[in-house]
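Next input, structure requested:
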Amino acid sequence: MVKVSREKQLTLEEFMVLPEGDVNYEFVDGYAVAKVQAKYFHSTLQTALLILLHIWCKVHKEGERGKGKEYVWVL
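This next block holds a predicted model:
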């Protein structure tokens with residue numbers, strides 16, 4: 001596990017070269033902050049909302065842009 005100090009502010013370049021470990025970090029205001037793992041309820045809810053938005057976009061013919069499979073949801 002890589003230990004990252006919250007006391008030292010990092011540049012983006014320093015953050016990008018941090019070694020990967022068991023904990024994922026995100027760059028927030030110059031600090032490497034450990035990401036919190038999503039809990040089961042949150043993950044399930046996120047998946048359900050994604051499916052509902054996808055269905056809504058298909059029904060209303062919204063979201064498809066260009067020739068690829070890129071979607072933009074405009075609500």
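
so where do the strands sit in this protein?
25-28, 31-34, 64-65, 70-71 (DSSP state E).

Need the mean per-residue confidence for the third one.
The average pLDDT for strand 64-65 rounds to 58.

Equivalent analysis for the second one, please.
Here strand 31-34 scores 88 as its mean pLDDT.

what's in contact with that strand?
Outside strand 31-34, the residues that touch it by CB atoms under 8 Å, 6 or more residues apart in numbering are 4, 6, 9-10, 15, 18, 23-27. To be clear about C-beta, it is placed using only N, CA and C from the backbone, and glycine gets the same treatment.

what's the answer for the first one, then?
The set of residues that contact strand 25-28 without belonging to it, under CB under 8 Å, 6+ apart, is 4, 10, 12, 15, 18, 32-35.

List just the nearest of these to residue 58.
Of all those, residue 58 sits closest to residue 35, with 31.4 Å by CB to CB.

neighbours of the closest one, just the number please.
Per other CB atoms under 10 Å, the neighbour tally for residue 35 reads 9.

Check residue 56 too.
Other residues within reach of residue 56, judged by other CB under 10 Å, total 13.

same deal with residue 55?
Applying other CB under 10 Å, we find 10 residues neighbouring residue 55.

Redo the contacts of strand 31-34 as TSV? Include pLDDT, neighbour count and distance to residue 43.
Below are those laid out as TSV (pLDDT from 0 to 100; neighbours: other CB atoms under 10 Å; distance: CB to CB, whole Å):
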residue	pLDDT	neighbour count	distance to residue 43
4	60	18	25
6	59	9	26
9	89	11	32
10	89	17	29
15	88	16	26
18	85	13	26
23	82	13	18
24	85	10	15
25	88	17	20
26	88	10	18
27	89	15	23
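
quick one on the thing from earlier: quick check, nearest of the contacts of strand 25-28 to residue 53?
Nearest member of the contacts of strand 25-28 to residue 53, counting by CB to CB, is residue 35, at 23.3 Å.
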